[in-house]
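Colleague: give me coordinates for this.
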Amino acid sequence: MLPTHQKLSRKIGHRYLLVKNMLTSLFLYEKITSTKAKIKAIKPVAEKLLSRVKISNNNVNLTRYLKKYLIGKSVIDKLIEIYQPNLITNDKFIFKYNLSTRKGDGAELAMLKINPDLVKITEIKEEKKIAKINSDNKKMTKIKNN
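Modeller: Residues are numbered from 1 along each chain as shown. As a prediction, the model looks like this:
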C-alpha cells in the first residue's frame, strides 16, 4: 500500500498509519517536525502524491487515489482546490530542514515544509476572489436600492 521501506521500529499496520497521519498533518498544517528517519521515509511519498496531483486531470480518480494515503476529506479538498493550480508552475514541492537534537533522548530532528510559493499564490487568488465577491455584492445592493 504505502511504499515505505524503512521499518521505523513498528509493525506494518502501525507503520502505515504513522505515515498516513504524518502525510495528513504535512498537507494540513504545511509543515511537520519529527525524527530524521521518519522524515526520510515520508518525503518521497509526499513528493509522489504532489506529482500525482499535478498531472491528474480527473478529480474523481484523484480523490479515490488520495484516500489511500490521507485521512480526512478536508485535506484531500485542500490538495485539489488549493495546491493543484499552483503545482503547475513549481517543480520543487517540499523542503527538508535539519534541526538540532531533541533534549530528552538526543534524537536528531528534521522538518518537512511545503514550498511557501504554493501557499502564497493561493492566498493572493483567494483575496482577489473575496474582493470580487464584495464588489459584486456592492453592485447588487446599489441595484436593489434603485
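Colleague: quick check, central residue of this protein?
Modeller: For the chain, the residue nearest the mean C-alpha position is Phe27 (2.3 Å; CA atoms, centre = their mean).
Colleague: what strand or helix carries that residue?
Modeller: Element membership for Phe27 (DSSP states H and E) is helix 12-29.
Colleague: and that helix, average pLDDT?
Modeller: What helix 12-29 shows for mean pLDDT is 91.
Colleague: same check on stretch 58-76?
Modeller: 92.
Colleague: show residues contacting that stretch.
Modeller: 1-2, 20-21, 23-24, 27-28, 45, 49, 52-53, 56, 79-80 (CB atoms under 8 Å, 6 or more residues apart in numbering). Heads up, the C-betas are built off the backbone N, CA and C, glycines and all.
Colleague: pull out the buried residues from those residues.
Modeller: 2, 20, 23-24, 27, 45, 49, 53, 56, 79-80 (16 or more other CB atoms under 10 Å).
Colleague: in terms of secondary structure, what does the helix or strand following the helix holding Phe27 contact?
Modeller: As assigned by DSSP H and E, the chain's next helix or strand after helix 12-29 is strand 31-35. Here strand 31-35 touches helix 12-29, helix 36-55, strand 108-114, going by 3 or more CB pairs under 8 Å, 6 or more residues apart in numbering; DSSP states H and E.
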